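[1] generate coordinates for the sequence data below:
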Amino acid sequence: QVQLVESGGGLVQAGGSLRLSCAASERAFSSYAMGWFRQAPGKEEREFVATITWSGSHAYYDESVRGRFAISRDNSKRTVYLQMSNLKLEDTAVYYCAAARSDGITTSLHRYGSWGQGTQVTVSS
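    Down below sits the predicted model:
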């Protein structure tokens, strides 16, 4: 399994921006598809936010964040990022990064075998 550590969460006003980072321990980081998921207060399940292929050539977003969030990765630093802009109240959640052994786009959380501990993002009015 890959050890993942998220950072960059915090409190931000609606309309503001944050960048989340997720650092991986695995040397083979570049062979994993990476995803971001979130779990909002009161919700039982984590929901898909964004994913990026191992090479970084393809990314896919949930409709709720498309055009506002951008996922990227730097394989030389074993890090994946989530740039969040124009944040809304409904973006408040604990955000998790995850790794999946996949060659393509992977949106199902069940395909991800390694997870970080999560970082809190709170958007205020």
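
[2] correct me, but residue 56 touches residue 71?
    No: taking contacts as CB atoms under 8 Å, residue 56 lies outside contact range of residue 71: 9.0 Å. Where C-beta positions appear, they are placed from N, C-alpha and C, glycine not excepted.

[3] the two - which one has more neighbours?
    More neighbours surround residue 71 than the other of residue 56 and residue 71, with 22 against 15 (other CB atoms under 10 Å).

[4] and residue 38, how many neighbours?
    Residue 38 has 23 neighbouring residues, counting by other CB under 10 Å.

[5] tell me what residue 94 is bridged to.
    residue 39, residue 120 (DSSP bridges).

[6] oh, that last question was meant for residue 22, not what I typed.
    residue 6, residue 80.

[7] with residue 100 instead?
    residue 33.

[8] middle-most residue in the chain, spatially?
    In the chain, the residue lying closest to the centroid (CA atoms, centre = their mean) is residue 36, at 2.2 Å.

[9] which element is it on?
    Using DSSP states H and E, residue 36 falls within strand 33-39.

[10] which SSE is immediately downstream of that strand?
    Next element after strand 33-39 (DSSP H and E): strand 47-52.
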